[in-house]
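quick one, what's the 3D model for this:
(4 chains)
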Protein chains: 2
Amino acid sequence: MRVKRDDAAYRCYFGSDPAVVLKLEAFTSLSKDNRAALSSISRNIRYVDARRDLISEGDKPRFVHLVLDGWACRYKTLPDGKRQIVSLFVPGDFCDLNVYILRHMDHSIGAITRLKVAMITPDEMGSLTAERPRVTQALWWHELVTVAIQREWTLNLGQRSAYERLAHLLTELYLRLDAVRRARDGRCDFPLTQNDLADATGLTSVHVNRTLQELRRDALIELERKQLHIRDLKRMMDVAMFNPNYLHLDHEGRHLNANS
Amino acid sequence: MRVKRDDAAYRCYFGSDPAVVLKLEAFTSLSKDNRAALSSISRNIRYVDARRDLISEGDKPRFVHLVLDGWACRYKTLPDGKRQIVSLFVPGDFCDLNVYILRHMDHSIGAITRLKVAMITPDEMGSLTAERPRVTQALWWHELVTVAIQREWTLNLGQRSAYERLAHLLTELYLRLDAVRRARDGRCDFPLTQNDLADATGLTSVHVNRTLQELRRDALIELERKQLHIRDLKRMMDVAMFNPNYLHLDHEGRHLNANS
DNA sequence: CGTCTGGTTGATACGACTCAAATTTGGTGG
DNA sequence: CCACCAAATTTGAGTCGTATCAACCAGACG
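The predicted structure is shown next:
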């Protein structure tokens, strides 16, 4: 008998929690009940092909999206054709809590890889938060961390050199993947092209290429075939001036821990 | 007899609401009752001298801050001494809804001018939102706009030239001040030094200086004695590739309008 | 096998930085 | 009211990091 891997019951029973739960538990641990509620909210599933938009600038937002598998990015384009990736989503990330308050999207969300997302209705979100204060707290934490990351990107673009900037971005993504158990021993999937990296760091792809070579030469990373290996995380954080406090991954809500 | 809310004569006669109310009413108009609740939440007042911190990185956040008067900035510093202003606050802006969920501030908030802020306790916020769903909606809108601005800054730093970047920042601030009636006929107070502008745009103050001169030479702005005059807003938005949709100032919540 | 996307290399150009000094402005006290 | 000082702005000369443009190469795919 085969059991489908993304069956919520399966996950709850056999232990491998979905990425959201892992992510939110970096803030506070959750009761079995709350974990189940979070898992079962992901019933309305949609797949998006790599390089297609999940939602585009100008669209009316109808759902909260939750990334179950794959990577996505939020991007904005300028009339002169320039494009900036303003954030990246990895499994366990909500795209936009409460977006549906707004009339129109002011940016697009595109799939980097083939993407599996849950589409959650305002009503579902409403009843989740109404019934589960602890989950609500955790979602607030998620929101605050998301903005904190956005601010760190602002700092990254404004003050760090190309070399530091790339080192910082790679480190951040590694740590975020690690938090949802998608990284190990300094290694993780890394589906971004050098072009994506360029759009995310405000550099050209040519310069990204040369700078990655420098990082490799300095024995900080290996990066090929969509696999990233951070060879020396400590030194990497050093050169990137990486201060992990903005990720707030340190179980800051542990005083709320569930009696579970 | 009904009077339109944004009729200047009405305001002159009846006196004007505090900046928060003006700001939130860019989203949805509020009942007298809700307006009063918002005004009266600002009872615990604190003054901060220009160039002093309101709260510093590492501090435990205890209050939600609301800027009543003056300008402030959120900034982050790097171990090598570089500093990035990641956001600016003008009257009517909340500094951080819900921050107190986090253990430590990952950035500092500093006063640009002498500052008058309301310090709101978590409890006060809680009862405000518990009793007033419409205000809660408006606060959510405030939050979403704040993040949208942060994303636009990311785009600004990543893709716009110095000239476009400064034009964009000046335009944004002008429009934000306009929304709380602190601007008129293209003119507004503008207390930022060229150094502040440099820290906010990721440029050096020398280059900011030269670029401002260009903007003046092109008859786009006047800027002296802490007064900004945008001489041609339309052309300014053009050169800055300024798309105002991210500010969501267009009464997007008008379907919720109070007693209207 | 041809095509396409992503990665790599080289030569050259330019926008923004650095450093250093001069000038103006605004505030303060005599 | 003026003299003084610190902060902010302005100017100049020289340099550097990153962009631009144009090829070329490798692997994936149909």
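
can we go C-alpha only for contacts and neighbour counts from here?
OK.

contacting residues for residue A:135?
Residues near residue A:135 by C-alpha atoms under 8 Å, 6 or more residues apart in numbering or on different chains: A:30, A:34, A:128-129.

let's see it at 7 Å
Neighbouring residues of residue A:135 by C-alpha atoms under 7 Å, 6 or more residues apart in numbering or on different chains: A:34, A:129.

quick check: it is in a helix.
Yes - secondary structure of residue A:135 (DSSP: H, G, I helix; E, B strand; the rest coil): part of a helix.

check what pLDDT it gets.
pLDDT, residue A:135: 97.

quick one, strands of the stretch 1-150 of chain A?
For the stretch 1-150 of chain A, applying DSSP state E, counting those that start in this stretch gives strands covering A:45-48, A:53-55, A:64-69, A:72-77, A:83-89, A:108-111, A:115-120.

between those strands, which one is nearest to DNA strand D?
Nearest to DNA strand D among the strands of the stretch 1-150 of chain A is strand A:83-89 (11.7 Å), distances taken as C-alpha to the nearest atom of the strand.

and residue A:161, how far is that from residue B:206?
To residue B:206, residue A:161 is 19 Å away according to C-alpha to C-alpha, to the nearest Å.

how far is stretch A:150-157 from where the chain is centred?
Chain-centre distance of stretch A:150-157: 15 Å, with C-alpha atoms, centre = their mean, to the nearest Å.

if we can go back for a sec, how about the strands of the stretch 1-150 of chain A, which one is nearest residue B:122?
Between residue B:122 and the strands of the stretch 1-150 of chain A, the shortest separation by C-alpha to C-alpha is 26.4 Å, and it involves strand A:64-69.

what does that closest one contact?
Residues outside strand A:64-69 that contact it (C-alpha under 7 Å, 6+ apart) are A:19, A:90-99, A:115-121.

where does pLDDT dip in the stretch 1-150 of chain A?
Applying pLDDT under 70 to the stretch 1-150 of chain A flags residues A:1-15.

around chain B, pick out the residues from it.
Proximity of the stretch 1-150 of chain A to chain B (C-alpha under 7 Å from any C-alpha of the partner chain) is limited to residues A:78-79, A:82, A:84, A:86, A:101-103, A:106, A:141, A:147, A:150.

same list (these) but as a markdown table, adding neighbour count.
Shown next, in a markdown table, are the residues of the stretch 1-150 of chain A next to chain B (neighbours: other C-alpha atoms under 10 Å in any protein chain shown):
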| residue | neighbour count |
| --- | --- |
| A:78 | 15 |
| A:79 | 10 |
| A:82 | 14 |
| A:84 | 28 |
| A:86 | 25 |
| A:101 | 18 |
| A:102 | 20 |
| A:103 | 17 |
| A:106 | 22 |
| A:141 | 23 |
| A:147 | 20 |
| A:150 | 23 |
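
which pair in those residues spans the largest distance?
A:79 and A:141 (34.8 Å).

for residue A:173, grab the count of nearby residues.
Close neighbours of residue A:173, defined as other C-alpha atoms under 10 Å in any protein chain shown, add up to 17.

let me redo that: residue A:224
Using other C-alpha under 10 Å, residue A:224 is surrounded by 11 other residues.

so what's the backbone phi/psi at it?
Dihedral angles of residue A:224 (phi, psi; degrees, to the nearest 10) stand at phi -160, psi 160.

how close does it get to residue A:236?
Distance from residue A:224 to residue A:236, by C-alpha to C-alpha: 18 Å.

now swap in residue A:148 and tell me
Going from residue A:148 to residue A:236 by C-alpha to C-alpha gives 21 Å.

tell me the contacts of the closest residue to residue A:245 other than its chain neighbours?
Distances taken as C-alpha to C-alpha, 6 or more residues apart in numbering or on different chains place residue B:106 nearest to residue A:245, at 6.3 Å, with adjacent residues excluded. Under the criterion of C-alpha under 7 Å, 6+ apart, the neighbours of residue B:106 are A:245-246, B:57-58.

tell me the domain ranges of chain A?
Following the assignment in automatic domain parsing, chain A carries domains at A:10-147, A:161-240.

ok, which of those comes nearest residue B:155?
domain A:10-147 (5.7 Å).

name the nearest residue to residue A:94, ignoring sequence neighbours.
Closest residue to residue A:94 apart from its sequence neighbours, by C-alpha to C-alpha, 6+ apart: residue A:66 at 4.3 Å.

partner residues bridging the one you found?
residue A:94, residue A:118 (DSSP bridges).

who are the contact partners of the residue in the stretch 51-200 of chain A that chain B sits nearest to?
Closest contact between the stretch 51-200 of chain A and chain B, by C-alpha to the nearest C-alpha, is at residue A:158 (4.2 Å). By C-alpha under 7 Å, 6+ apart, residue A:158 lies in contact with B:84, B:157, B:201-202.

farthest-separated two in these?
B:84 and B:157 (11.0 Å).

what is in contact with these two at once?
Common contacts of residue B:84 and residue B:157, defined by C-alpha under 7 Å, 6+ apart, comprise A:158, B:202.

contacts for stretch A:118-126, please.
With C-alpha under 7 Å, 6+ apart as the test, stretch A:118-126 has contacts from A:42-46, A:63-68.

8 Å instead, please
By C-alpha under 8 Å, 6+ apart, stretch A:118-126 touches A:41-46, A:62-68, A:98, A:100.

roughly how far out does that stretch sit from the chain middle?
Centroid displacement of stretch A:118-126 relative to its chain, using C-alpha atoms, centre = their mean, is 19 Å.

what about that stretch, start to end distance?
16 Å.

what does stretch A:68-87 give?
Separation of the first and last residues of stretch A:68-87 by C-alpha to C-alpha is 17 Å.
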